[in-house]
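Peer 1: Sequence and computational prediction follow.
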Amino acid sequence: MHDAYGPAVRLNGNGCMSAEAPAARGPRSLLSRTGRPDFLRSPKVFRTEVLAGLVVALALIPEAISFSIIAGVDPSVGLFASFTMAVVISLVGGRKAMISAATGAIALVIAPLNREHGLGYLVAAVILGGVFQVALGAAGVAKLMRFVPRSVMVGFVNALAIMIFMAQVPEMTDVPWPVYPLIAAGLALMVLFPKVTKAVPAPLVSIVVLTVITVAAGIAVPTVGDKGELPSSLPVPGIPDVPLTLDTLTLIAPYSFAFALVGLMESLMTAKLVDEITDTRSSKTRESVGQGVANIVTGFFGGMGGCAMIGQTMINVKTSGARTRLSTFLAGSFLMVLCIVFGPVVSDIPMAALVAVMVLVSVGTFDWHSVRPRTLRRMPLAETVVMAVTVLVVVATHNLAVGVVVGSVVAMIAFARRVAHLVDVSGVRDPDGHQVVYSVAGELFFASSNDLVHRFDYAGDPDDVVIDLSRAHIWDASSVAALDGIETKYAAYGKKVTVTGLNEPSAAMHDRLAGQLTDAH
């Protein structure tokens, strides 16, 4: 099935996007039907996964350092978080090939806590946030993803592409002039190299070539090393240095809960996007719990926490073609190897090479079909408005989760407004004029029932009034209250109202609430 926005996602029986996959199969879910890991079935698949993990690891380093700066912590805190998140989620997560690491959204949530109370409280908040995520995942919060409309998903993808590009703008302003031809050369390499061979990911080739050129020619441009000092040893586990008191819990709990919600929102949306790109399904419940487990482990290793990284996931899945957990595991492992063993070499990588990779990712991520004039003319105005609102809110707040929530609320309001106008009321009098039968058709809920009261001729109708609801359904107390109001208005004229044709759920609600929603006095 396709729509004007391009290939449509799978729909459930209610016409909503299906977000929940069947439960994972346990430990054997890591294996193919032959009992061997997917990546061992083919040397080509293995090579793709290894090289994809290396490319992602290179892209993670400057991002993790930048997010550490946002959170106000040492660069090693963000790098350690990216390492532990990627490794743990590769084992316990529900979405293969998705990259989880330290992110800007998480950094913004916990930065005030670190600024006001210190690193110990930040780490404690990460651990508690992970506990919240496990609890929310086990409670089935992932099922709420079915209420995210297609227009919000398109807006999310387009906002993501814009955010990825905007994150590169600082690296392209107030920089030496050689940065610009290097970025252009990197883009050209990544576009043209796949025409020669796809054996090696084009982004990796671009990074290596540009690094060799800048080092060999002695070109002075910003490098990865300029972002901060790379760690020289592996992280060690420990307990947060905070008092284990109720005051500590009440202090960190609001930050932890916000951390959990933002992390789950971004991770589940990213998993949904990867499902579409790879045409496979994933367990969102397992992913939710896995995110919590990864954050708990990350906290005990002194990391700043994280969630799914959309940009790096696109590099892994869309640009490099990875499809298994191996690429995610190796992205985290290579990250530490690159920092500890090859730190001096990695420090010499020009930022222009990584900027070029992310610019190409942003262009490839944006759904250009959704903004074509032909598409916009075909789509209902409300759908286009919802998409635009989602994009604008994300860009304005720099928070993908907020944009998705606002976009979903706007979509629900638009849907309620549209459905509210589909209620039809028609009246037919008996030939003798002693009775009138009103037939009501449509869905009766708070938005539609408010106008229902004004659809009757209270003064002109005969004494016997029948309201036939055989083609309607009562959804809430507002509709019952509206029917009570109609009966009251007719009663003021000394007329009798009989409600008929209620289906079983509607009759049960009407019998339970009729006459009980207003004070008898």
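Peer 2: On my side now, so go ahead. Numbers count the residues shown, from 1 in each chain.
Peer 1: I figured residue 334 hits residue 57, correct?
Peer 2: Yes: contact between residue 334 and residue 57 holds when scored by Cβ atoms under 8 Å: they sit 3.6 Å apart. To be clear about C-beta, it is placed using only N, CA and C from the backbone, and glycine gets the same treatment.
Peer 1: With neighbour numbers in mind, choose between these two.
Peer 2: The neighbour count for residue 334 versus residue 57, taken as other Cβ atoms under 10 Å, is higher for residue 57 (27 against 22).
Peer 1: Need the contact partners of the helix or strand hosting residue 107.
Peer 2: Taking DSSP states H and E as the definition, one finds residue 107 inside helix 104-117. Contacts made with helix 104-117 from outside it, assessed by Cβ atoms under 8 Å, 6 or more residues apart in numbering, are listed as 66-68, 70-73, 78, 121-122, 125-126, 167, 251-252, 255, 258-259, 262-263, 266, 304-307, 398-401.
Peer 1: So which of those residues are in strands?
Peer 2: When DSSP state E defines the strands, the subset of the contacts of helix 104-117 inside them is residue 307.
Peer 1: Restricted to helices, list the contacts of helix 104-117.
Peer 2: In helices, defined here by DSSP state H, the members of the contacts of helix 104-117 are 66-68, 70-71, 78, 121-122, 125-126, 167, 251-252, 255, 258-259, 262-263, 266, 400-401.
Peer 1: Can you say which of those are buried?
Peer 2: Burial by neighbour count, 16 or more other Cβ atoms under 10 Å: within the ones in helices among the contacts of helix 104-117 this picks out 66-68, 70-71, 78, 121-122, 125-126, 167, 251-252, 255, 258-259, 262-263, 266, 400-401.
Peer 1: Quick one: mean pLDDT over stretch 78-95.
Peer 2: Confidence for stretch 78-95, expressed as mean pLDDT, is 95.
Peer 1: which parts of stretch 184-197 are buried?
Peer 2: Buried residues in stretch 184-197, counted by 16+ other Cβ under 10 Å: 185, 186, 187, 189, 190, 193.
Peer 1: pLDDT of that stretch, averaged?
Peer 2: Per-region confidence: stretch 184-197 scores 91 on mean pLDDT.
Peer 1: could you pull out the strands for this protein?
Peer 2: Along the chain, the segments classed as strands by DSSP E run 2-3, 6-7, 100-101, 307-308, 424-429, 435-444, 464-474, 496-500.
Peer 1: Go through those strands and name the closest to residue 516.
Peer 2: Each of the strands of the chain was scored for nearness to residue 516 using Cβ to Cβ, and the closest is strand 464-474 (14.3 Å).
Peer 1: Partner strands of the closest one and their direction?
Peer 2: When pairs are called by DSSP bridges, strand 464-474 turns out to pair with strand 435-444 (parallel), strand 496-500 (parallel).
Peer 1: Need these in CSV (columns: distance to residue 325 and mean neighbour count).
Peer 2: Conversion of those to CSV gives the following (distance: least, Cβ to Cβ, whole Å; neighbours: other Cβ atoms under 10 Å):
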stretch, distance to residue 325, mean neighbour count
strand 435-444, 44, 19
strand 496-500, 58, 15
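Peer 1: Just put those strands in TSV and tack on mean pLDDT.
Peer 2: Listed next are those as TSV, based on pLDDT from 0 to 100:
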stretch	mean pLDDT
strand 435-444	93
strand 496-500	93
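Peer 1: got any ranges where this protein has weak pLDDT?
Peer 2: Counting by pLDDT under 70, the low-confidence segments of the chain come to 1-41, 518-521.
Peer 1: Report back the residue of it that's furthest from centre.
Peer 2: The outermost residue of the chain relative to its centre, with distances by Cα atoms, centre = their mean, is residue 432 at 62.1 Å.
Peer 1: which residues touch the most centrally placed residue in the chain?
Peer 2: With distances taken as Cα atoms, centre = their mean, the chain has residue 269 as the residue nearest its mean C-alpha position (2.6 Å). Contacts were defined as Cβ under 8 Å, 6+ apart; by that measure residue 269 touches 145, 148, 153, 156, 400, 404.
Peer 1: May I ask which of those has the most neighbours?
Peer 2: In terms of neighbour count, residue 156 stands highest of those at 28 neighbours, by other Cβ under 10 Å.
Peer 1: Buried residues, stretch 476-496. List them.
Peer 2: Quick answer for stretch 476-496 (16+ other Cβ under 10 Å): 477, 478, 479, 480, 481, 482, 483, 484, 486, 487, 490, 495.
Peer 1: which ones among those residues are found in helices?
Peer 2: For these, the ones inside helices are 477, 478, 479, 480, 481, 482, 483, 484, 486, 487, 490, with DSSP H as the criterion.
Peer 1: Now the last one. Nearest residue, chain neighbours left out?
Peer 2: What it means is residue 490. Spatially, and ignoring its direct neighbours in sequence, residue 490 is nearest to residue 497 (4.9 Å; Cβ to Cβ, 6 or more residues apart in numbering).
Peer 1: Pretty sure that neighbour sits against residue 484.
Peer 2: No: no contact is recorded between residue 497 and residue 484 when judged using Cβ under 8 Å, the distance being 9.9 Å.
Peer 1: Please state the backbone phi and psi of residue 456?
Peer 2: Torsion angles at residue 456 (phi, psi; degrees, to the nearest 10) stand at phi -120, psi 150.
Peer 1: now do the one 3 residues further on
Peer 2: Taking degrees, to the nearest 10, you get phi -80, psi -40 for the backbone angles of residue 459.
Peer 1: Tell me who's in contact with it.
Peer 2: Residues residue 493 are the ones in contact with residue 459 under the rule Cβ under 8 Å, 6+ apart.
Peer 1: just residue 407 next, same as before
Peer 2: Applying Cβ under 8 Å, 6+ apart, the residues near residue 407 are 149, 151, 152, 155, 156, 386, 387, 389, 390, 393.
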